[in-house]
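> how would this look folded up:
(one chain, ligands or ions: 1)
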Amino acid sequence: MSAAAATVTSSTTGGCEDRPVLRERGQHSVFCGLTGVVWLHRKIQDAFFLVVGSRTCAHLLQSAAGVMIFAEPRFGTAIIDDRDLAGLADANDELDRVVTQLLERRPDIKLLFLVGSCPSEVIKLDLSRAALRLNRQFAPGVRVLSYSGSGIETTFTQGEDACLASMVPVLPQTDASQLLVVGALADVVEDQFARLFAAMGIANVRFLPPRNSGDLPPVGAATQYLLAQPFLADTARALEQRGATRIAAPFPLGVEGTTLWLQAAADAFGIDPTRVRAATDMPRERGKRALANYRDRLAGKRMFLFPDSQLEIPLARFVSRELGMQVIEAGTPYLHRAHMADELALLPAGIQVSEGQDVERQLDRCRDARPDITVCGLGLANPLEAEGLTTKWSIELLFTPVQGYDQAGDLAELFARPLVRRTRLAV
Ligand code: SF4
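Next up is the predicted model:
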């Protein structure tokens, strides 16, 4: 949670999209980028995430990871204590000692991320230099990278962006034509997309992040990349510095989003539309059938989305166009105009898009609107529930496989379930 002077302005997205956007700068309620460790450590199976932070950071990770108990966890916290803060100990020496102990005990670790936090930034501990130093010591067996998960003026999905961006400089070089899908996806979703791309005739498809650090995808001037997540601005910039070009598309949420996302890749690789249809007809129909059940239950329900995950605009597009829901406000922490252009073009008129947050003003708008369901961060959910509003934690959208045709029904279910629970409680 951080505070700044409150200002409210209204503007437009510019370009061909002329939708008014409410811009707010004020107190905001978000989790920090450390949260990304919880899903990233599951994805990259030989990586370890060492957060260099305080006991607060350790508690956040522990509670975000929930009830999961690991015999050999693949994340941990090197605690910066009072001696480090007072400058009585050399934090770099302490860090080297902790890393050496960890790597001696855990030969399964092949990629180590040093993850910065607010405290490590406050004491100006330079983790990029620490990573270089430790790399020299432990290469080639272990690669050491660093990124910041600090909560200073960031939001929780930026942790993934910073992590993936830190990997881009060490990706091998290639001149081969290839499709690179960027953004952490559940393995089951990644496998489905890999099968669909193969059936469509796109032969050379790689994913970032990989499941294994030994399988880093190469990148180069003939790489076209497709974002699977909407919060990867720094990673996209880093890939473009390596020569890759972005395939513009909406995001693969819902049947329509998935179809347009796959279609954009097919167009970029010159694939015949009949081949795309042949590959996608069956899963698309399955997805539509799954959504039909939820449309009956959710059509006409009113939704308010607080800015948290950066998935809000694609979600607003999905629930309004495919489920018939009425979105009152779709808030986003940041609005990346280029990455969001295809989404904004599909978003029905009448939905208030807001960027940034002045949480008290936004809470007032939400209370006035009395939506049927509010999508928000954990910090706002309990107070709103206590006021009788039904909420959905936006963080669940990152912990649950929601992309692609076969997950479209599961995505709708995430919004249907709290409404059913509220109805039962009311009986
Ligand atoms: S990184 Fe900052 S915001 Fe996140 S848990 Fe640590 S102190 Fe809190």
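> The longest helix along the chain packs against which elements?
The longest helix of the chain (DSSP state H) is helix 273-298. Counting contacts by 3 or more CB pairs under 8 Å, 6 or more residues apart in numbering; DSSP states H and E, helix 273-298 packs against helix 187-200, helix 254-268, helix 312-322, helix 408-426. In this view, the C-beta of every residue, glycine as well, is placed from N, C-alpha and C.
> got the contact list for the closest residue to Ala290 other than its chain neighbours?
Spatial nearest neighbour of Ala290, chain neighbours left out: Gly409 (2.9 Å); criterion: CB to CB, 6 or more residues apart in numbering. Neighbouring residues of Gly409 by CB atoms under 8 Å, 6 or more residues apart in numbering: Gly287, Ala290, Leu291, Asn293, Tyr294.
> Looking at those, which one is closest to the ligand?
Using CB to the nearest ligand atom, Tyr294 is the member of the contacts of Gly409 that sits closest to the ligand, with 34.9 Å.
> okay but that closest one is in contact with Ala416, surely?
Yes: using CB atoms under 8 Å, Tyr294 makes contact with Ala416 at a distance of 5.5 Å.
> Comparing the two, which residue is more hemmed in?
Neighbour totals were compared for Tyr294 and Ala416, and Tyr294 leads with 23 against 19 (other CB atoms under 10 Å).
> That one and Arg143, how far apart?
Separation of Tyr294 from Arg143 (CB to CB, to the nearest Å): 44 Å.
> Would you map the helices across the stretch 301-427 of the chain?
In the stretch 301-427 of the chain, the helices defined using DSSP state H, counting those that start in this stretch lie at 312-322, 337-346, 359-369, 378-386, 396-399, 408-426.
> any weak-confidence spans in this protein?
Within the chain, the segments meeting pLDDT under 70 span 1-17, 66-72, 82-89, 424-427.
> Can you tell me, leaving aside adjacent residues, what's nearest to the residue positioned nearest the centre of it?
When CA atoms, centre = their mean is applied to the chain, the residue found nearest the centroid is Thr157 (4.3 Å). Computed as CB to CB, 6+ apart, the closest residue to Thr157 that is not its neighbour in sequence is Phe231, at 4.0 Å.
> if I pick that neighbour, what's in contact with it?
Listed by CB under 8 Å, 6+ apart, the contact partners of Phe231 are Thr155, Thr157, Gln158, Glu160, Asp161, Ser309, Gln310, Leu311.
> what helix or strand is the fourth one on?
In other words, Glu160. In the assignment (DSSP states H and E), Glu160 maps to helix 158-167.
> So that helix, near the ligand or not?
No: using CB under 6 Å from any ligand atom, helix 158-167 stays clear of the ligand, with a minimum separation of 9.4 Å.
> ok, back up a step: what's the angle from the longest helix of the chain to helix 312-322?
Counting by axes from the mean of the first three to the mean of the last three CA atoms, to 10 degrees, helix 273-298 lies at 80 degrees to helix 312-322.
> quick one: helix 273-298 to helix 187-200, angle?
Put simply, helix 273-298 runs at 140 degrees to helix 187-200, going by the same axes, to 10 degrees.
> buried ones in helix 273-298?
By neighbour count with 16 or more other CB atoms under 10 Å, helix 273-298 contains the buried residues Val276, Ala279, Thr280, Pro283, Arg284, Gly287, Lys288, Ala290, Leu291, Tyr294, Leu298.
> Might one say that the fourth one is in contact with Leu196?
Yes: contact criterion CB under 8 Å: Pro283 and Leu196 qualify, at 7.2 Å.
> ok, residues contacting stretch 128-142?
92, 95-96, 99-100, 103, 109-112, 114, 143-146.
> If any of the residues you listed are buried, give me the ChimeraX selection for them.
Buried residues among those (16+ other CB under 10 Å), as a ChimeraX selection:
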select :92,95,99,103,109,110,111,112,114,143,144,145,146
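> and the closest residue to the ligand within the stretch 51-200 of the chain, what element?
The ligand sits closest to Gly151 of the stretch 51-200 of the chain, with a gap of 2.7 Å, by CB to the nearest ligand atom. Counting by DSSP H and E, there is no helix or strand that carries Gly151.
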